[in-house]
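Visitor: Output the structure for:
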Amino acid sequence: MDVTLLLLALFSTVGLVFTYLAVTERDLVRAVVYSAVQSSVYAVLLYLLRAPDIVLVYIPVSVGLYPATLLFLIGKTERVDGE
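Guide: Numbers count the residues shown, from 1 in each chain. Just a heads-up that it's a prediction; the model follows:
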């Protein structure tokens, strides 16, 4: 079996796990961190799929700018979602 296919399957599974963790997490800061990890895993997947031009745009936006903006906004509100 091709190593690239195994890596795609592994990183897809890791991305799916971190997506689930981000959606189910009640602490908003942890959810943003899980989302950033999921985004970096998807960036690796895009690189493995031979799309480096998309990766160069995806990494700064999804791993840097988007989480920084969300963390700034969470700082203005409550950190944990209340019942």
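Visitor: all contacts plus neighbour counts: C-alpha atoms, from now on.
Guide: Fine.
Visitor: Could you pull up the residues touching residue 14?
Guide: Contact analysis of residue 14 by C-alpha atoms under 8 Å, 6 or more residues apart in numbering lists 38, 41.
Visitor: That one looks like it's in a strand, true?
Guide: No - Residue 14: not assigned to a strand; according to DSSP: H, G, I helix; E, B strand; the rest coil it is helix.
Visitor: Model confidence score at it, please.
Guide: Note on residue 14: pLDDT of 97.
Visitor: same check, this time on residue 83
Guide: Taking residue 83 on its own, its pLDDT is 59.
Visitor: likewise residue 80?
Guide: Reported pLDDT for residue 80: 72.
Visitor: what sits against it?
Guide: 26, 27, 28.
Visitor: Show the buried residues in those residues.
Guide: residue 28 (16 or more other C-alpha atoms under 10 Å).
Visitor: The closest residue to residue 42 other than its chain neighbours: what's it in contact with?
Guide: Among residues not flanking residue 42 along the chain, residue 15 sits closest, at 6.6 Å (C-alpha to C-alpha, 6 or more residues apart in numbering). Residue 15 sits next to 37, 38, 39, 41, 42 when contact means C-alpha under 8 Å, 6+ apart.
Visitor: who's in contact with the third one?
Guide: Counting by C-alpha under 8 Å, 6+ apart, residue 39 makes contact with 15, 59, 62, 63.
Visitor: What about the third one, how many residues nearby?
Guide: So that's residue 62. 19 (other C-alpha atoms under 10 Å).
Visitor: so it touches residue 36, yeah?
Guide: Yes - between residue 62 and residue 36 a contact is recorded at 6.9 Å, counting by C-alpha atoms under 8 Å.
Visitor: how much space between residue 36 and residue 8?
Guide: For residue 36, the distance to residue 8 equals 19 Å [C-alpha to C-alpha, to the nearest Å].
Visitor: And for residue 23?
Guide: 22 Å.
Visitor: what's the answer for residue 70, then?
Guide: Taken as C-alpha to C-alpha, the span from residue 70 to residue 8 is 28 Å.
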